[in-house]
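**Q** mind folding the following:
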Amino acid sequence: MRRTGTNFILAAGLVLACLSAMWPQSVSAQAQDRAQPQEKRIALVIGNGAYQKAPLATAANDAGLIAQTLQAAGFDVVGARDLDGDTLRKTLRDFMQKAESSGPDTVAMIYLAGYGLQLAGENYFIPVDSTLNRDVDIPTEGLRISDYMRQLSALPLKAGIVVLDAAREQPFVTGQPIASGLALVEPDPKLLIAFNAAPGTVAPEEQGAYGAYAQALAEMIRSGGLPLPELFNRLRLRVNEVTKGAQVPWDTRKVEAQFVFFDRAPDAPKEATPDQTAALRDKPIRDLGAQDAYAAALDRDTMQGYEDFLGAYPSDPMAKRVRAIVAARREAITWRRTYRTDTADAYWSYLKRYPRGPHAADARRRLSILAAALEPPDSFAMVDYDVPPPPPDEIVYVDRPVLMFSDPEFDFAPPPPPPLFFLPPPPPDFIDLEPPPPVYGLFMLPQPFFVPIPVFVRPPLYVRPPPPSNIIFANIHNRRMIDTVINRPMAPDQLSARGLGGPGGAFVPPGMKGPPGGRGGAPLAATPSLPASVAQRANLIQQGKAPVPPSAGINPAARTNLTTPAGGGQPGARGVPRGPRGFATNPQTINGAPGASVPGTIPGARPGAPGQQGGPNVSPGRSGGPNALPVPGSAGTPALPPDARGRRPGTPGAAPTDRPSAPNTAAPNLRSTPGAPNASGPAGRLGRDGAAGPHPGRDAVPGRRDGPRATPQVTPPRGAPQIQRPAPSVQRPPPSVQRSAPPHMTPPAARQAPPMARPSAPPPRMSAPPMRQPPPMARPSAPPPRMAPPPVRQAPPMARPAAPPPRMAPPPRPAAPPPRAAPPPAAKRCPPNVPRC
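**A** Got it, this is the predicted structure:
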């Protein structure tokens, strides 16, 4: 009995040992994840592109792409675009309060896309309503980033991430030199700070639907399993590869907590693990090949790594490019130490090294404030910097107002592709991203079409679920939900619930038209909510209690040049292809919505009209000017109605659309009601309810001359009675005032229709406005005969009765009652005892 019990215990132990060996490691990892405290994730995403001086075509799209990616990772995202200074400050203040109340297990992220400037060692983010044009205006017009980074670092958070996609060539300050790009900063505890370009350098102008930095950041977040250092190292390699070395991102961090955006399942495709990459990263650069050494130096992104490459491969084609990177980094480190010391000796030391450097003007400004000499004296106490002085071959890269690695003067060789163990290839469905659909709501971010995340990438189990409005988080792999719900426009009740609009739809500023035909203007169902201060201001604008911001009239996507493709085709913006869903690469926002006012144009004027930007040489399909909008007939807008002969403008033989139409004085409108005024004139146009009246938005334009296709006419149905309208009391002008149609409007004689019997009493015509007499033209020997208007079927007029029918007599009144009979006379009473009186 004892032996049997002992055998049973041994067998049970063996079974348990086998089960524990066969138990998947992922289950134990999931158990550890569940044991961790729930991690809350919040994010603020801003995309400013509608700047008046130089709009940014991709800033809003980049912000929309990052917001969508963070939603998939479980972030509670609020986002907006094109914010002015006051609204931007309130939005950042509200986000700091939200982060403060979120708890110690919160990860807060801020992404800002737009223009960033540096001045005296500080970085500033510029609102869209900024009017700065001097260096002294930067601290008052811009938002100093260090103020918000200190606030974020002081909060009891798990980690903070600040991404500035704002290092671009600035258009604001001219004549007074300021350093280009963003200034080198040191992070506060628990913070990671990332720039889209290295300190002191600027990124090139974007050419596609999204910026290279934003798309690479979204790709690395979606890869899964990457801690923050590895993620931003791969981001640097990807951007450098995509831009062919023109852009080198930068980041610095003091984050101690372990953080990943997504987990990567054990059954995911194998790639170089972080441990393998770390082993290659620690390997001496001289022991690597030239191409691998360049990738390793870029991956490490340290002064020592770049100098090791120059020492090992001084004659390699990449040596010049690496030397320019070292020159920019050395100057940025030198200025950072100079500004933090903030003494006259420190600024003289900088000027001794860089007499014409990027920060030479900043140094002299500080010297004037310190009441010191603007030039270094013969003897002073030199500051001992952490880096040696620049060699002579580096000065050429920093003695210029703007340092851009794509400068053709440098003639750099393109960098080699990074090896696969440093950077795997991008997913095939995340290379050429489809542009987002147009957004017509004020302040709302564009929402790209969501690309499903691979099934082996999933959010960590310890992430606290975001609010229910974030429908992406629970459906990152559900293709059916993505196609039928996430990538579909929202209903009005959904807009109202998220603070994106009222019961009628999205926030469309008063006086601006929405999408053509009223379709496609609602944002997609996964659009992040507006910040509370932004939603409040949008409500005031919608109610007419606040003015529409000037940025609403700027279309950043229309900044690119217009060209006509070779071999014909529809001309459009250069480098702006159209996706398979028919949306342009740089989608129109409310600023570019059809019918929106564009600065410098006359609302309602024709393309190329006097007083409007552009002219007759503007490419077809646009209305002219740098911020031009598509004209009717182009993609996404309704076509123009056909002319009187059934031909649409733009077809062979149709009347030109870029010339002013002649007044319609040659013949009455054949669809007008007999006896009514000519409906093609201003007084005869039909309103929405069919009544005559001026056409809103067109008749108000002074000097406009409408042609035969100015407004549609209404033909009464067959058998309907003709309504006789009173003829206007307008006298026909004398023959000297009348002007015949120009020759190009006269049809050829071969196409004349047979003359039509002229009615005995044609309806009176509208008086033609006096027009400027054209220059004398050679008069033909015999003018071509005038084409008579073709017959038009008209409902037969109702026969009017010869005499009006007799009026019906009123019903007879009831007879008066007979007169009342007089009462009989009372009998005469006789005295008593007298029988007869």
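
**Q** would you put the C-alpha positions of the lengthiest helix in the chain in PDB?
**A** What stands out as the longest helix in the chain, according to DSSP state H, is helix 319-341. Written as PDB, here are the backbone C-alpha positions of helix 319-341 (Å, rounded to 0.1, in the frame of the first residue of the first chain):
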ATOM      1  CA  ALA A 319      33.400  60.900 -44.400                       C
ATOM      2  CA  LYS A 320      32.200  64.300 -45.600                       C
ATOM      3  CA  ARG A 321      28.700  63.700 -44.500                       C
ATOM      4  CA  VAL A 322      29.800  62.500 -41.000                       C
ATOM      5  CA  ARG A 323      32.100  65.500 -40.800                       C
ATOM      6  CA  ALA A 324      29.100  67.800 -41.300                       C
ATOM      7  CA  ILE A 325      27.200  66.000 -38.600                       C
ATOM      8  CA  VAL A 326      30.100  66.400 -36.200                       C
ATOM      9  CA  ALA A 327      30.500  70.100 -37.000                       C
ATOM     10  CA  ALA A 328      26.800  70.800 -36.200                       C
ATOM     11  CA  ARG A 329      27.000  68.700 -33.000                       C
ATOM     12  CA  ARG A 330      30.200  70.300 -31.800                       C
ATOM     13  CA  GLU A 331      28.800  73.800 -32.300                       C
ATOM     14  CA  ALA A 332      25.600  73.000 -30.500                       C
ATOM     15  CA  ILE A 333      27.500  71.600 -27.500                       C
ATOM     16  CA  THR A 334      29.700  74.600 -27.400                       C
ATOM     17  CA  TRP A 335      26.800  77.000 -27.500                       C
ATOM     18  CA  ARG A 336      24.900  75.100 -24.800                       C
ATOM     19  CA  ARG A 337      27.800  75.400 -22.400                       C
ATOM     20  CA  THR A 338      28.300  79.000 -23.300                       C
ATOM     21  CA  TYR A 339      24.700  79.900 -22.700                       C
ATOM     22  CA  ARG A 340      24.500  78.100 -19.400                       C
ATOM     23  CA  THR A 341      27.600  79.800 -18.100                       C
END
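
**Q** tell me what it is packed against?
**A** If you count contacts as 3 or more CB pairs under 8 Å, 6 or more residues apart in numbering; DSSP states H and E, helix 319-341 packs onto helix 303-312, helix 344-353, helix 360-369, helix 392-398. Bear in mind the C-beta positions are built from the backbone N, C-alpha and C, glycine included.

**Q** what residues of it count as buried?
**A** Judged by neighbour count (16 or more other CB atoms under 10 Å), helix 319-341 contains these buried residues: 319, 321-339.

**Q** now do stretch 188-199
**A** Result for stretch 188-199 [16+ other CB under 10 Å]: buried residues 188, 190-199.

**Q** which one of these is nearest residue 424?
**A** Nearest to residue 424 among the buried residues of stretch 188-199 is residue 194, at 20.7 Å by CB to CB.

**Q** count of residues packed around residue 429?
**A** 10 (other CB atoms under 10 Å).

**Q** ok, it - contacts?
**A** Shown in contact with residue 429 (CB atoms under 8 Å, 6 or more residues apart in numbering): 451-452.

**Q** if we go to 10 Å?
**A** Neighbouring residues of residue 429 by CB atoms under 10 Å, 6 or more residues apart in numbering: 451-452, 454.

**Q** also residue 107?
**A** Contacts of residue 107 (CB under 10 Å, 6+ apart): 39-43, 73-75, 99, 157-161, 190, 255, 257, 259, 261, 463.

**Q** hmm, which of those residues are the buried ones?
**A** For these, buried by 16+ other CB under 10 Å: 39-43, 73-75, 99, 157-161, 190, 255, 259, 261, 463.

**Q** circling back: if you look at the contacts of residue 107, which of them are in helices?
**A** Using DSSP H, the contacts of residue 107 in helices are residue 99.
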